[in-house]
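Colleague: this one's structure only:
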């Protein structure tokens, strides 16, 4: 089983890596939009199912 500290660090590194890749390929607007939409929908779902 993976240590949760290691898992969160890997996730953060991959998120940054993907941001850099999006900038290189001129897709940063799409990525920012998807991340914002994901955060909003996650918050709404968490409020519904409390």
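Modeller: Yep, it's here. Here the structure is a predicted model, which is why all the values come from computation and not from measurement. Residues are numbered from 1 along each chain as shown.
Colleague: for the protein, what spans make up the helices?
Modeller: Assigned by DSSP state H, the helices in the chain fall at 4-24, 28-48.
Colleague: Can you add mean neighbour count and mean pLDDT and give these back as CSV?
Modeller: Using the backbone N, CA and C atoms, a C-beta is placed for each residue, glycine as well. Listed next are those as CSV, based on neighbours: other CB atoms under 10 Å; pLDDT from 0 to 100:
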stretch, mean neighbour count, mean pLDDT
helix 4-24, 11, 92
helix 28-48, 10, 92
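Colleague: quick one: residue 18 and residue 30 touch, right?
Modeller: No: between residue 18 and residue 30 there is no contact under CB atoms under 8 Å: 11.6 Å.
Colleague: who touches both of the two?
Modeller: With contacts defined as CB atoms under 8 Å, 6 or more residues apart in numbering, no residue is adjacent to both residue 18 and residue 30.
Colleague: Might you report the residue contacts of residue 19?
Modeller: By CB under 8 Å, 6+ apart, the contact list for residue 19 reads 28, 31.
Colleague: Over to the one 5 residues further on?
Modeller: Going by CB under 8 Å, 6+ apart, residue 24 touches no other residue.
Colleague: I'd like the numbering to begin with 156 instead of 1 from here.
Modeller: Sure thing, new numbering starts at 156, so read that last one as residue 179.
Colleague: Against residue 166, how distant is it?
Modeller: 21 Å (CB to CB, to the nearest Å).
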